[in-house]
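Asker: Predicted model and sequence follow; I will ask about them next.
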Amino acid sequence: MHSIIHIRELSDSDQDEVIGLILPIQQQEFGLPITLHDQPDLCNISQFYLEPGGTFLGAFSGQDLVGSIALVKAAGETGAIRKMFVHRDFRGKLFGIAQTLIEKLIAHAQQSGIKNLYLGTVEPMKAAHRFYERNGFRRIQASQLPPEFPRAKTDTLFFHRGLDVQT
């Protein structure tokens, strides 16, 4: 039986757990040709995500990191969702981890004045595509991305969602 899930903002001290969650999902589960070297943001969470006004949230079962989502605050009123991953044993509506993470990220984005969220993903992650669409994201062409969007080299599909900004 799994313990109650709790969400908190991650920091540089969580780097090993973040890498331990994300790399196996990318490489082993989805066969993506991506390494830690290709993702320097994972080794500097504060500088890449937190200091510019974004966030990096983690979902924990006990002491174990089982889910993540990050927000890059880009130029102007633009944000990019990155590093949305949930351990295979904790996916689905039973746990609601992905839904909780995206709702908390959207709330942070709105409070930060972000009006447009973008994300990139890859073709094999079909369940993720459906999840984003259920959460108001619409597929767009790469040519529709703003110039400041931090595109990952593996991204082939892109999504956008406009936000009502909270004041």
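Answerer: Nice, thanks for sending it over.
Asker: When you work out contacts or count neighbours from here on, use the C-alpha atoms and nothing else.
Answerer: Fine.
Asker: quick one: Met125 from Asp155, how far?
Answerer: Distance of Met125 to Asp155, given as CA to CA, to the nearest Å: 11 Å.
Asker: Which one of these two is surrounded by more residues?
Answerer: Counted by other CA atoms under 10 Å, Met125 and Asp155 do not tie: Asp155 has more neighbours, with 13 against 10.
Asker: Do I have it right that Ser61 meets Ile4?
Answerer: Yes: in terms of CA atoms under 8 Å, Ser61 counts as a neighbour of Ile4; the distance is 6.1 Å.
Asker: out of these two, which sits in the more crowded spot?
Answerer: Ser61 (15 against 9).
Asker: and the helix or strand of the chain with the lowest mean pLDDT, how far out from the chain's middle?
Answerer: None of the helices or strands of the chain scores lower by mean pLDDT, DSSP states H and E than helix 126-134, at a mean of 93. Counting by CA atoms, centre = their mean, to the nearest Å, helix 126-134 is centred 13 Å from the centre of its parent chain.
Asker: residues making contact with the longest helix anywhere in the chain?
Answerer: Under DSSP state H, the helix in the chain containing the largest number of residues is helix 97-111. With CA atoms under 8 Å, 6 or more residues apart in numbering as the test, helix 97-111 has contacts from 5, 7, 54-55, 57-59, 67-71, 79, 84-86, 90-92, 115, 163-167.
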